[in-house]
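Peer 1: Below: sequence and its predicted model.
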Amino acid sequence: MEITINTPAILFPAISLIMLAYTNRFLALSNRIRNLHERYEKGEKKEILHGQIKNLRYRLNIIKNMQALGVLSFISCIFCMYFIYVEWMEFAHAVFAFSLFTFSLSLLLSLVEIQKSTKALELELSDMEGLEDPSLVDYIRKKF
């Protein structure tokens, strides 16, 4: 397959937008962590609070890795463009493939983080309702 300098450049807006989304998730998460820290310092030591803190710590690590892979993908696109410019096409192909791979990994981590975020919301709901939302398997077991 022949790639031109425009091929990796097409990824620039996509990577930039996804990095903006990751940054927004990080900012929302950091605000939530500060809020929970304040509640913890006031002496609120509920089990739900500990579950939320554990979930937030895990999500923070996922977001850090999402951002790192996004940056790596962006830098790989830049190197790919350079290799195309100097006509080192074998390197350009390999680096472009690496860029696509790291971008895909970043998106997969984003999916995992969204799943964890949903679990955090379920913890929050269970605190308000006093009920845990059962999984589909648990629901079926109870019904039958």
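Peer 2: Everything's here; your move. Residues are numbered from 1 along each chain as shown.
Peer 1: Every contact and neighbour count from this point should use C-alpha atoms.
Peer 2: Noted.
Peer 1: Show me what the lengthiest helix in the chain is packed against.
Peer 2: Using DSSP state H to define each element, the chain has its longest helix at helix 89-129. Here helix 89-129 touches helix 47-85, going by 3 or more Cα pairs under 8 Å, 6 or more residues apart in numbering; DSSP states H and E.
Peer 1: what angle do the helix it packs on and helix 89-129 make?
Peer 2: Here helix 47-85 points in a direction 160 degrees away from that of helix 89-129 (axes from the mean of the first three to the mean of the last three Cα atoms, to 10 degrees).
Peer 1: Check which residues of helix 47-85 are buried.
Peer 2: By neighbour count on 16 or more other Cα atoms under 10 Å, the buried set for helix 47-85 is 49, 52-53, 55-56, 59-60, 62-63, 65-67, 69-74, 76-81, 83-84.
Peer 1: Which secondary structure state does Ile3 sit in?
Peer 2: coil (DSSP: H, G, I helix; E, B strand; the rest coil).
Peer 1: My error: substitute Thr7 in the last question.
Peer 2: Applying three-state DSSP: Thr7 is helix.
Peer 1: Which pLDDT value belongs to it?
Peer 2: pLDDT, Thr7: 85.
Peer 1: Correct me if wrong: Met19 contacts Gly70.
Peer 2: Yes - counting by Cα atoms under 8 Å, Met19 touches Gly70, with 6.6 Å between them.
Peer 1: ok, the closest residue to Tyr82 other than its chain neighbours - how many residues close by?
Peer 2: Leaving aside its sequence neighbours, Tyr82 sits nearest to Ala92 (Cα to Cα, 6 or more residues apart in numbering; 8.0 Å). Per other Cα atoms under 10 Å, the neighbour tally for Ala92 reads 25.
Peer 1: got it, and the one 10 residues further on?
Peer 2: A count of neighbours around Thr102, defined by other Cα under 10 Å, yields 21.
Peer 1: my guess is it contacts Leu69, does it?
Peer 2: Yes - shown here, Thr102 and Leu69 form a contact pair, counting by Cα under 8 Å, at 5.5 Å.
Peer 1: so where is the chain shaky, pLDDT-wise?
Peer 2: 45, 47-48, 123, 126-144 (pLDDT under 70).
Peer 1: residues contacting the residue nearest the centre of it?
Peer 2: Closest to where the C-alpha atoms of the chain average out (Cα atoms, centre = their mean) is Ser110, at 3.0 Å. With contact set as Cα atoms under 8 Å, 6 or more residues apart in numbering, Ser110 has these partners: 62-63, 66.
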